[in-house]
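Asker: okay, predicted coordinates and the sequence, questions at the end:
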Amino acid sequence: MSQSDLPHRRRNLLTGQWLLVSPHRAKRPWQGEAAPPPAPPAPAHDPDCHLCAGNIRANGTQNPDYAGTFVFANDFAALLGEGGSGDDDPLFESAPACGEARVICFSPDHGATLARLSAPELGAVIDCWCDQSAELGARWAHVQLFENKGAMMGASSPHPHGQVWASDFVPQVVSREDGAQRAFYDRTATVLLDAVARAELEAGTRVVEESASWLAVVPHWAAWPFEVLLIAREPVVRLEDLSAAMRSDLSLILSRLLRRYDGLFGCDFPYSMGWHGAPHALDGDTAHWRLHAHFLPPLLRSASVRKHMVGFELLGETQRDLTPEAAAQRLREVTID
């Protein structure tokens, strides 16, 4: 067995957490879950969809006949303007949490996905992300933009949409990323993800897509089988910092990446994705940050076989069978238009 096939551990530089890589296990036979085949394409308008233009939502509100993106306050928000009481009990500590949550409909087309939007349509979504980050960041500590795509990822509706949660606290994952980037910058006077991008480009083995302003890689520390990290190659720390040129470039590389996903197993590829930028609570203390997005898809072997984080992953640490290098190669080999 070659060295590349032997078990080893890798450390996530953004969180400090380790994961176990076991390449030899990718050859084991599979008799586990086999999900049903994907559903046929959805119609452009579904009269029963709460997110389609002109339809009535669950709370009785009627959606406008929107033609582009449509943003509204989440009818079942996880964060509210008022938080519960806190308790500093050393055994049962709690703290209030306040914020607001919104839904972003990417398109009025019920059967669309980000991968199938035209360049102008995708550009409008990017502009919307940037506007939401700027507006909500003016009054909240952190703004999290994300999309859960597909029933496999818990999406409550197949209509193309994402969410934005703004909070008066910085969530733990972002806080860990902030600490890791700050420590690296203090130690080296270099932005961590800038160093990662340069090293990934030099190595080439984990690169999926690259452009003048963006780099998409399966990171060295990827936890999910076909996880991708999309890194801004210019010194921007938040979405609202993106120039018109960077936004245009983002629409192109995002389209290519998502079409590679769809082409990998010939399906509407499910994933959770989200943007991480410098928390707005940092104000001007952001020299260590670099804007980036995480794409976390569950599929492992086919459109019907997914990776489950169970057993050792829940009780010990994350483990993967397919190496990040092999995953990146498979994504690069997908033929796209």
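Answerer: Perfect, thanks for sending it. Numbering: from 1, shown residues only.
Asker: now for Asn55, how many residues are close by?
Answerer: 18 (other CB atoms under 10 Å). Any C-beta I mention is one placed from the backbone N, CA and C, and that applies to glycine too.
Asker: so it versus Asp178, what's the distance?
Answerer: 40 Å (CB to CB, to the nearest Å).
Asker: and what of Gly274?
Answerer: 15 Å.
Asker: quick check: phi and psi on Thr232?
Answerer: One correction, residue 232 is Ala, not Thr. Dihedral pair for Ala232: phi -70, psi 130, per degrees, to the nearest 10.
Asker: who's in contact with it?
Answerer: Ser213, Trp214, Leu242, Met246, Arg290, Leu291, His292 (CB atoms under 8 Å, 6 or more residues apart in numbering).
Asker: what's the closest of these to Cys98?
Answerer: Using CB to CB, Leu291 comes nearest to Cys98 of those, at 25.1 Å.
Asker: list the contacts for the closest one?
Answerer: Contacts of Leu291 by CB under 8 Å, 6+ apart are Ala232, Val236, Val237, Arg238, Leu239, Asp241, Leu242, Trp275, His276, Gly277, Ala278.
Asker: test my guess that the last one contacts Ala287.
Answerer: No. In this structure Ala278 lies outside contact range of Ala287 using CB atoms under 8 Å: 9.4 Å.
Asker: of these two, give the one with the bigger neighbour count.
Answerer: Neighbour comparison, Ala278 and Ala287: the larger count goes to Ala278, with 25 against 14 (by other CB under 10 Å).
Asker: how near is the more buried one to Arg182?
Answerer: Distance from Ala278 to Arg182, by CB to CB: 10 Å.
Asker: okay, and the residue nearest to Ala42 when sequence neighbours are not counted sits in which element?
Answerer: Closest residue to Ala42 apart from its sequence neighbours, by CB to CB, 6 or more residues apart in numbering: Gly111 at 3.9 Å. Under the criterion DSSP states H and E, no helix or strand holds Gly111.
Asker: how many residues are close by Gly111?
Answerer: 17.
Asker: need the contacts of Leu291 in JSON lines (columns: pLDDT).
Answerer: Below are those laid out as JSON lines (pLDDT from 0 to 100):
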{"residue": "Ala232", "pLDDT": "98"}
{"residue": "Val236", "pLDDT": "98"}
{"residue": "Val237", "pLDDT": "98"}
{"residue": "Arg238", "pLDDT": "98"}
{"residue": "Leu239", "pLDDT": "98"}
{"residue": "Asp241", "pLDDT": "97"}
{"residue": "Leu242", "pLDDT": "98"}
{"residue": "Trp275", "pLDDT": "98"}
{"residue": "His276", "pLDDT": "98"}
{"residue": "Gly277", "pLDDT": "98"}
{"residue": "Ala278", "pLDDT": "98"}
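Asker: what sits against the nearest residue to Ala245 once chain neighbours are set aside?
Answerer: Using CB to CB, 6+ apart and skipping the chain neighbours, the partner closest in space to Ala245 is Ser213 (7.0 Å). Contacts of Ser213 were listed using CB under 8 Å, 6+ apart, and they are Ala232, Arg233, Glu234, Ala245, Met246, Asp249, Leu250.
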